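Student: next input, structure requested:
(2 chains)
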There are 2 protein chains.
Amino acid sequence: MAEKKLVEQITSMDEDFAKWYTDIVKKADLIDYSSVKGCMIIRPYGYAIWENIQRLLDARFKATGHENVYMPMFIPESLLNKEKEHVEGFAPEVAWVTHGGSERLTERLCVRPTSETLFCEHYANIIRSYRDLPKLYNQWCSVVRWEKTTRPFLRSREFLWQEGHTMHATAEEAEAETLQMLNVYADFFEKDLGMPVLRGRKTDKEKFAGAKATYTVEALMHDGKALQGGTSHNFGDGFARAFDIQYLDRDNTLKYCHQTSWGVSTRIIGGIIMTHGDDSGLVLPPAVAPIQVVIVPVQQHKEGVLDAAYALRDRLSKVARVKVDDSDNSPGWKFAEYEMKGVPLRVEIGPRDLANNSCVIVRRDNREKLFVSLDDVEKTVTEQMEALTLALYEKASKNREERTYTATTLDELIGIAAEKSGYIRAMWCGELECELALKEKADVTSRCMPFDAEPVGDKCVCCGKPAKTLVYWGKAY
Amino acid sequence: MAEKKLVEQITSMDEDFAKWYTDIVKKADLIDYSSVKGCMIIRPYGYAIWENIQRLLDARFKATGHENVYMPMFIPESLLNKEKEHVEGFAPEVAWVTHGGSERLTERLCVRPTSETLFCEHYANIIRSYRDLPKLYNQWCSVVRWEKTTRPFLRSREFLWQEGHTMHATAEEAEAETLQMLNVYADFFEKDLGMPVLRGRKTDKEKFAGAKATYTVEALMHDGKALQGGTSHNFGDGFARAFDIQYLDRDNTLKYCHQTSWGVSTRIIGGIIMTHGDDSGLVLPPAVAPIQVVIVPVQQHKEGVLDAAYALRDRLSKVARVKVDDSDNSPGWKFAEYEMKGVPLRVEIGPRDLANNSCVIVRRDNREKLFVSLDDVEKTVTEQMEALTLALYEKASKNREERTYTATTLDELIGIAAEKSGYIRAMWCGELECELALKEKADVTSRCMPFDAEPVGDKCVCCGKPAKTLVYWGKAY
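Tutor: Numbering: from 1, shown residues only, chains lettered A, B, ... in the order given. From the prediction side, this is the model:
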């Protein structure tokens, strides 16, 4: 049988990073386009990555006491309008349902861009006493934001996400929850995805519509642009006052609840691609790889080779997600195909390996070849997957280190922003005016005010007045 | 501490079955209402049932070679219009998005009522050759149908479901897939949910808009009304022709693909309630119960009782989903609460049990008390959960048997329909006219033409002409 297709050439990342990205999402079979403008079809290989992300995060959410629920996908206009800052932030980008069948609705409904208002209405219904608190809910669903320009995973009109919404008796508890969930995200990014993240706070300009404080985990992509990986918001009692969510405390007085929300979305998949990928395609961290080990039989027509490959699959299936490719395509074609798909480990097994009771393991990240005894192959595979995740983390950390600059004057910052791509650390007075000026003069936005950051001076890089905080500035997806 | 609340009285099912049902969904904390008319909030306890349903079905789908994907939630009007029967069936009940932000869309989009058209467009893009077949995709998502009258789980404007959509090279393969998935559903209903189902075919009037044949698993509720549990459709090549989905076969000619789709939804939860529930509340089959065993300490202030309860929880957690209720509510309150929630097994442990190295296990379905040694309590719990599922199945089968009637004349059928509630087996000529006449005269619809059914005569119960098939007639949710 002829080979199905040769792996098509993809654009080099140094030549055109944006084109490289869209080549990968298409050629690794992650997504397809449809006639629904600005939305994407998530294909089996892409969706399996999302299922792994869901499984790993959902276990962390449940381990920290959260329960899943499902809210309606529609929000009546009057409900969306209840919290002023929130509606101002979201109304310009929602999709409106105006008709059910052939009838015009008496009130139009938006397709949820986020569900704070629905959760608030429900919490107002079910919270009566301090005994009902905390409420720790999460939901996995899709949301819609009517974006003008879209890119697969990074910005699309519909995307999949989870949104946690919690209610607490005190401000302290709400703040602790907000930070706990930020740390849950950071742990997932660093340990499972091999992606180093900055943990910190967003400026008022960049925070969520209606939040008192927004915290973020921020990742730096291979090209030096930042990606907001996940956010965790402390709402204080602002929504609780707008929706009248009160509880009767132990002291027999009515008090407003304190609220948080936090979310990550399918844009994580875009982040994985742009952090770890290379010119041969995807590089997937084993924790979320749909196939962790692909076994490629060499000279598979020779006696015993395929049987050995299947036997190896059965053994390795106890420690990994394994596939044997026993198709008629050549080993060379298979090597390229699974490199494109970012499969962490390739195992080659042929007549010579059989004679030696061994196999060859090739790592996707560094292409290192290991000649491994079959006796303890399960152990080697487990170790190599862990080593690969660590190596991805190291490589991404090194990239971030090399792409982190410091500016103490405005000219310096403008110069770096013009010539380099990465984070620029610089002091800030806390005024919106300076934030806007830096956007205009250097085309950078504030990404994050990292916790416990060392100051790099005492004056605002923009206006020269006394500085309040260190900010990481940059360009972002 | 005072008790949080006493379990509120629910309406008796014999007195008012519909009211009993809505009492249960509210008081067992399955759902809540919101300002989004016709939609429901699925609360943690209800959603956990759905998560278990998803997990059990998804494993069966994957074991039969299916892959999950995600399609956009919107369908452009022109795409929905491509298959004539399909659009006629669904257009009257879809929700229309007409604006994105403040702009009117050039083409309106409906929120998916089902996704055949989207899958077809995608399949037309990715299927080229016989080597690309079969395509076996499934998606878990929510869909919207603008119903006039709604009831939690049974009929709501938005509901959660899965929809499988597959493409095959031949008509035979498509038919085999359609029946395979019907059997997957039947197996799940009978083995995991303890719900006996009829497997059979729908009449043309009742089949899915655009399908060549619709198969169904039909369950009978406690009150004698039928519930369509899941459907599996063979589309033939109708959509493939409308969407031009062709493949190059081995013989180098272009051929149209043959297609299936199949789905079950959150209405399963309504079916579980109405099949197994009783006047004390829900009765959940262990396979989908969020809590399978609740441990209620008796005289929990006495030394060693709580420690023994926790130790028992740790042991039982290896074989079941277990909760200890160590709250200050009385044992009596707890008994009523977990009966309302349908927890399959209650384990009571107090000082006297401790002295005897035993505990008491009470089954939710028959309230039988078992005095059990702690030595092999894991084994007893496992056995009792299995026995409970079987007992639920037997009880529901008996109800169905008692509520299955046979009619050989029209008068007889009208009489039974007026006096009884259940299935009426009667022969049918196959003409729509007679189906409509039975609806008008006896207010029954055709539920199912079971496979391999024994005829009960040779003349149509309505017109007296030669009969083609046996039909189960009834009233349905």
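Student: what helices and strands are in contact with the strand or helix carrying residue A:166?
Tutor: Following DSSP states H and E, one finds residue A:166 within strand A:158-168. Packed against strand A:158-168 by the contact rule (3 or more C-beta pairs under 8 Å, 6 or more residues apart in numbering or on different chains; DSSP states H and E) you find helix A:44-63, helix A:116-126, strand A:135-144, helix A:171-187, strand A:258-265. In this view, the C-beta of every residue, glycine as well, is placed from N, C-alpha and C.
Student: now stretch A:310-325 - C-alpha only, PDB.
Tutor: Extracted in PDB, the C-alpha atoms of stretch A:310-325 (Å, rounded to 0.1, in the frame of the first residue of the first chain):
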ATOM      1  CA  TYR A 310       2.200  -5.700  20.700                       C
ATOM      2  CA  ALA A 311       3.700  -7.400  23.700                       C
ATOM      3  CA  LEU A 312       5.600  -4.200  24.500                       C
ATOM      4  CA  ARG A 313       2.400  -2.200  24.100                       C
ATOM      5  CA  ASP A 314       0.600  -4.400  26.600                       C
ATOM      6  CA  ARG A 315       3.400  -4.000  29.100                       C
ATOM      7  CA  LEU A 316       3.800  -0.200  28.600                       C
ATOM      8  CA  SER A 317       0.000   0.300  28.800                       C
ATOM      9  CA  LYS A 318       0.300  -0.200  32.500                       C
ATOM     10  CA  VAL A 319       2.400   3.000  32.900                       C
ATOM     11  CA  ALA A 320       1.500   5.100  29.800                       C
ATOM     12  CA  ARG A 321      -1.000   5.900  27.000                       C
ATOM     13  CA  VAL A 322       0.600   3.800  24.200                       C
ATOM     14  CA  LYS A 323      -0.100   3.200  20.500                       C
ATOM     15  CA  VAL A 324       1.500   0.800  18.100                       C
ATOM     16  CA  ASP A 325       1.600   2.100  14.500                       C
END
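Student: check which residues of it are buried.
Tutor: By neighbour count on 16 or more other C-beta atoms under 10 Å in any protein chain shown, the buried set for stretch A:310-325 is A:312, A:313, A:316, A:319, A:320, A:321, A:322, A:323, A:324, A:325.
Student: could the helices and strands packed on strand A:158-168 go into a markdown table alongside mean pLDDT?
Tutor: Shown next, in a markdown table, are the helices and strands packed on strand A:158-168 (pLDDT from 0 to 100):
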| stretch | mean pLDDT |
| --- | --- |
| helix A:44-63 | 98 |
| helix A:116-126 | 97 |
| strand A:135-144 | 98 |
| helix A:171-187 | 98 |
| strand A:258-265 | 98 |
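Student: if we can go back for a sec, of the buried residues of stretch A:310-325, which pair is most distant in space?
Tutor: Distances among those were taken as C-beta to C-beta; the most separated pair is A:319 and A:325, at 19.1 Å.
Student: going by proximity to chain B, name the top residue of the stretch 351-477 of chain A.
Tutor: Using C-beta to the nearest C-beta, residue A:477 is the residue of the stretch 351-477 of chain A that sits closest to chain B, at 20.9 Å.
Student: report the contact partners of that residue.
Tutor: Applying C-beta atoms under 8 Å, 6 or more residues apart in numbering or on different chains, we find residue A:477 in contact with A:151, A:154, A:155, A:221, A:225, A:226, A:227, A:267, A:270, A:274.
Student: reformat those into TSV and put secondary structure next to each item.
Tutor: Listed next are these as TSV, based on DSSP: H, G, I helix; E, B strand; the rest coil:
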residue	secondary structure
A:151	strand
A:154	coil
A:155	strand
A:221	coil
A:225	coil
A:226	strand
A:227	strand
A:267	helix
A:270	helix
A:274	helix
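Student: can you tell me which two in the residues you listed are farthest apart?
Tutor: Using C-beta to C-beta, the contacts of residue A:477 span at most 15.2 Å, a distance reached by A:151 and A:226.
Student: if you count what's nearby, which of the two comes out ahead?
Tutor: residue A:226 (26 against 17; other C-beta atoms under 10 Å in any protein chain shown).
Student: re earlier: and the residue of the stretch 351-477 of chain A closest to chain B, how far from residue A:152?
Tutor: 12 Å (C-beta to C-beta, to the nearest Å).
Student: which neighbours do the two share?
Tutor: Among the neighbours of residue A:477, those also in contact with residue A:152 (C-beta under 8 Å, 6+ apart) are residue A:270.
Student: list the residues that contact residue A:255.
Tutor: A:169, A:246, A:247, A:249.
Student: go on, residue A:385?
Tutor: Per C-beta under 8 Å, 6+ apart, neighbours of residue A:385: A:286, A:292, A:320, A:344, A:345.
Student: try it again at 6 Å.
Tutor: By C-beta atoms under 6 Å, 6 or more residues apart in numbering or on different chains, the contact list for residue A:385 reads A:286, A:344.
Student: before we move on, what about the one 4 residues further on?
Tutor: Under the criterion of C-beta under 6 Å, 6+ apart, the contact list for residue A:389 reads A:194, A:285.
Student: now the residue nearest to residue A:26 when sequence neighbours are not counted, which residues is it bridged with?
Tutor: Spatial nearest neighbour of residue A:26, chain neighbours left out: residue A:32 (7.7 Å); criterion: C-beta to C-beta, 6 or more residues apart in numbering or on different chains. Residue A:32 has these beta-bridge partners by DSSP bridges: residue A:41.
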